[in-house]
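Colleague: I would like the atomic coordinates for the input below:
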Amino acid sequence: MMRQAACRSSKLLSRIFLQRRSAGQLIPRLFPIRHFTQAQWQPTFPFADQKHVAAEDRQLSLNSNNSDAVAIDVPSLLQRVLDPSRTRGRKQFVETENIGLRQGLMKAPQYGKTFGVASLQVSLPASMAKSLHEQMCCADQLKDLKAVVQLVSDVSCLASIARGRLMEGRAFESFAQHLTLRLESSTDLTFTDVRNLLQAFHRFHFDNLPHDFPASHAFRSAIDAACIRILPQLSREEAFLLSDLWFLSACSRLAAFPSHLIGTLARGSLDQLPPHEVVRLLFAVALQRKAEPGLLLQAERALSPHVASLSLPELAVICAAFFKTQTTPSLDFIEKILSRLLAVEFEGAPDDVAIALFAKFFNRYAQPAMHEPLQRLLQKCKTQIAALGLPALGHLCGIMEMTLQADEDFLFRVCQKVLTSMPDVRLKELAKIANICSFFSFWPVIEGQDFSLVLLRECERSIRVADVAAYPSKMVELLAAFAHVGCFSKKLLQFMNQRAFWKSYFSQPKPLLATNDLLQLHYAVEMEFPEFGRPLILESALKGMLSDEGSSPPPLNSAVSSLFNGLQKLLLQENQTATQQSVALCSPLPYAEPMLLVRLKDLNPIPLPPDLLETGYSLRSPPSDGTCTVIIYHPWWDYTSPHQRLTGLSEMKIRHLKTLGYNVIQINQRETHNMSFVLKVKHLRDKLFFETANVAVPLDYVSDKDSQKKTPSSLKS
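Modeller: As a prediction, the model looks like this:
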């Protein structure tokens with residue numbers, strides 16, 4: 001008997017581990033109602049705060065067809081299985097951006113009446129399950145609509161053990177259909193009735209149940225239609241509260257009411273609304289990620305005079321609405337928001353969600369004239385680095401990338417924080433910080449160790465299969481950032497050597513695919529990390545990526561195209577035996593943009609090998625005689641301030657070209673900025689000749705030599 005009891009306990013524990021769902025769903029699936037002998041047990045489920053069951057020292061008997069009864073301490077067992085500190089050993093990131101925005105607004109008293117209550121707990125005992133089940137089966141006998149609404153509230157308050165049985169049965173589906181008919185035929189439906197129904201819907205915790213579950217769909221549709229029907233009777237505060245309850249029920253975009261509310265308000269004049277109601281409307285827009293045409297421009301006009309008096313949470317909601325709907329605000333409005341952020345004091349603990357949204361907003365919409373005030377904003381946030389989270393810091397570093405202005409002290413502190421926060425740093429933040437360091441070619445030495453190597457080791461220890469499955473593109477971006485500096489990890493690359501990774505990667509929406517990073521990583525592994533032992537991408541997939549328009553290399557710089565034509569004509573004029581095939585625009589690196597390729601022998605142009613001019617997915621090596629030279633014309637955005645360093649990607653391209661056997665000549669666009677087109681071409685020619693002969697050419701060589709010569713008409717541009 002003892003052995004049988006132990007066996008059943010082991011099987012029970014295995015089933016709990018396999019399902020790995022929230023406690024509210026685990027119990028009904030494992031313990032049907034008829035098996036419980038102690039109905040007095042009343043567990044508490046704080047849905048808004050945590051997902052595991054509080055441990056209680058009460059015993060439940062699980063009876064089966066066998067005459068033996070096994071006593072199991074269910075709450076304690078679930079506590080051991082589901083406690084995050086036991087199952088994962090790292091911080092849990094459950095707060096979303098929308099929840100952070102909501103909490104920021106709720107701190108202001110003028111918004112309190114427009115938000116619902118999220119702290120809902122189970123209170124009714126499981127012994128009421130049978131009674132409520134019978135009431136649902138006889139719901140058509142209830143004459144008063146309020147009695148039906150009360151029944152819904154009672155069912156939703158029942159312990160999760162019984163709720164699962166009630167919902168999976170035919171009774172609840174029939175009851176939902178009956179509720180729909182009663183709501184449609186009701187003439188005295190009030191705000192209180194609909195609010196109570198929505199609160200019950202929230203208590204059901206439908207975000208952990210399939211939205212296409214018949215009862216769930218019928219129940220949601222019935223309440224949704226009721227909300228829309230009574231909307232004309234509601235005040236704006238009541239309408240916003242119902243919209244918030246839909247958000248708390250994880251159905252903000254499944255229900256039609258929130259969009260209907262936004263459309264109704266958009267047809268009016270927002271100038272007549274108080275600023276806080278316009279901001280509350282923009283929060284609803286941010287949740288929907290779409291808006292009626294012209295709505296945000298109306299909101300901009302209504303809020304523009306009041307920006308100087310808005311709080312940080314309100315400004316964050318405004319930025320979120322424009323960012324999530326991809327609507328471009330006016331430059332004047334952007335400048336007003338930036339000025340307000342520079343003027344307001346950051347009191348107390350900084351709002352991570354708000355700071356991250358400001359950074360994303362300015363990354364997308366800021367203009368070059370705003371770079372200087374943005375640097376001042378970064379300096380202001382610098383004092384908050386210790387208190388800010390890494391998601392917000394990563395987006396702030398993105399502002400540096402956008403402005404090409406690196407604050408190395410800021411980056412150094414962020415790198416230190418990354419190392420001290422491991423292993424609790426998410427893959428998303430790791431990829432973001434590594435990308436910034438790669439872009440600026442800034443990998444500091446921290447406590448005597450190179451940050452790139454230390455971070456690589458920490459990533460090997462902390463990144464898990466679940467992280468990679470959740471964010472496959474971020475894994476690619478992280479490894480590509482390490483590849484830019486020549487760092488590789490066989491352990492991390494092995495994550496990509498699995499069918500599950502590629503299935504997860506290609507199941508993402510196309511805009512989320514990190515295709516260019518993936519190509520860079522593939523060729524970096526091929527050239528610099530032969531220890532991996534196999535191609536990162538199969539040949540068939542590689543061809544498809546390179547032929548896809550969305551994953552093609554960066555477009556050809558128009559200045560490079562003009563210089564190609566000018567250099568080709570100049571070489572033909574000066575050497576009649578030269579052929580046009582001695583100069584070409586192509587890329588030996590399939591992941592890179594086209595470059596100027598020239599072949600000289602004893603300073604005389606000679607034809608390029610035909611295989612170098614072909615397009616394909618293979619790396620193309622030059623002849624071993626050292627006659628092929630690649631001229632890289634670096635535009636100004638290839639360099640970062642304050643040290644005028646090349647970006648990490650540019651450094652990797654140069655490294656790969658030299659590894660293949662090319663001579664590499666680099667020209668900084670700023671060096672030739674004040675030259676005429678003809679002088680640029682001749683400077684290019686002379687730099688090519690001098691560097692091929694290992695002699696440096698002075699910048700003033702072309703202008704002194706050619707200032708008295710007549711400009712050939714064929715070179716005029």
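Colleague: Show me what the mean pLDDT comes to for stretch 685-700.
Modeller: Mean per-residue pLDDT for stretch 685-700: 59.
Colleague: swap in stretch 395-414?
Modeller: Confidence for stretch 395-414, expressed as mean pLDDT, is 92.
Colleague: got the contact list for that stretch?
Modeller: With contact meaning CB atoms under 8 Å, 6 or more residues apart in numbering, stretch 395-414 is reached by 355-356, 359-360, 362-363, 366, 371, 374-375, 377-379, 381-382, 385, 388, 390, 393-394, 432-433, 435-437, 439-440, 442, 444, 446, 637, 639-643. Every residue, glycine included, has its C-beta placed from N, CA and C.
Colleague: same check, this time on stretch 178-185
Modeller: Contacts of stretch 178-185 (CB under 8 Å, 6+ apart): 139-140, 145, 148, 152, 189, 218-219, 221-223, 225-226.
Colleague: quick one: which of those residues is nearest Leu597?
Modeller: Ser221 (63.6 Å; CB to CB).
Colleague: how about the helices in the stretch 551-700 of the chain?
Modeller: Under the criterion DSSP state H, counting those that start in this stretch, the stretch 551-700 of the chain contains helices at 558-574, 610-613, 648-660, 677-692.
Colleague: Turn those into JSON lines, including mean neighbour count and distance to Val454.
Modeller: Converted to JSON lines, the helices of the stretch 551-700 of the chain look like this (neighbours: other CB atoms under 10 Å; distance: least, CB to CB, whole Å):
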{"stretch": "helix 558-574", "mean neighbour count": "17", "distance to Val454": "38"}
{"stretch": "helix 610-613", "mean neighbour count": "13", "distance to Val454": "40"}
{"stretch": "helix 648-660", "mean neighbour count": "19", "distance to Val454": "17"}
{"stretch": "helix 677-692", "mean neighbour count": "19", "distance to Val454": "38"}
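Colleague: Dead centre of this structure: give me the residue that sits there.
Modeller: When CA atoms, centre = their mean is applied to the chain, the residue found nearest the centroid is Lys428 (7.3 Å).
Colleague: In contact with Glu97, which residues?
Modeller: Contacts of Glu97 by CB under 8 Å, 6+ apart are 320, 353, 356-357.
Colleague: was I right about Gly112 contacting Met106?
Modeller: Yes - at 6.6 Å, Gly112 counts as touching Met106 under the criterion of CB atoms under 8 Å.
Colleague: The two: who's more crowded?
Modeller: Set Gly112 next to Met106 and count neighbours by other CB atoms under 10 Å: Met106 wins out with 15 against 11.
Colleague: That one and Gly116: what is the separation?
Modeller: 10 Å (CB to CB, to the nearest Å).
Colleague: okay, now the closest residue to Lys653 other than its chain neighbours: neighbour count?
Modeller: The shortest distance from Lys653 to any non-neighbouring residue, by CB to CB, 6 or more residues apart in numbering, is to Ala592 (5.3 Å). Ala592 has 21 neighbouring residues, counting by other CB under 10 Å.
Colleague: Now Ala592. Its backbone dihedrals?
Modeller: phi -110, psi 160 (degrees, to the nearest 10).
Colleague: how close does it get to Asn516?
Modeller: 10 Å.
Colleague: got it, and Lys360?
Modeller: Per CB to CB, Lys360 is found 21 Å from Asn516.
Colleague: mean confidence for stretch 505-517?
Modeller: When pLDDT is averaged over stretch 505-517, the result is 86.
Colleague: no, scratch that, I was asking about stretch 320-329
Modeller: For stretch 320-329, the per-residue pLDDT averages 94.
Colleague: What of stretch 361-375?
Modeller: 93.
Colleague: same question, stretch 301-311
Modeller: 93.
Colleague: picking up where we left off before, PyMOL command for the buried members of the contacts of stretch 178-185?
Modeller: Restricted to buried positions by 16 or more other CB atoms under 10 Å, the PyMOL selection for the contacts of stretch 178-185 reads:
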select buried, resi 139+145+148+152+189+218+219+221+222+223+226
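Colleague: and which of the contacts of stretch 178-185 is nearest Pro232?
Modeller: Nearest member of the contacts of stretch 178-185 to Pro232, counting by CB to CB, is Leu189, at 12.0 Å.
Colleague: The closest one belongs to a strand?
Modeller: No - counting by DSSP: H, G, I helix; E, B strand; the rest coil, Leu189 is not found in a strand; it is coil.
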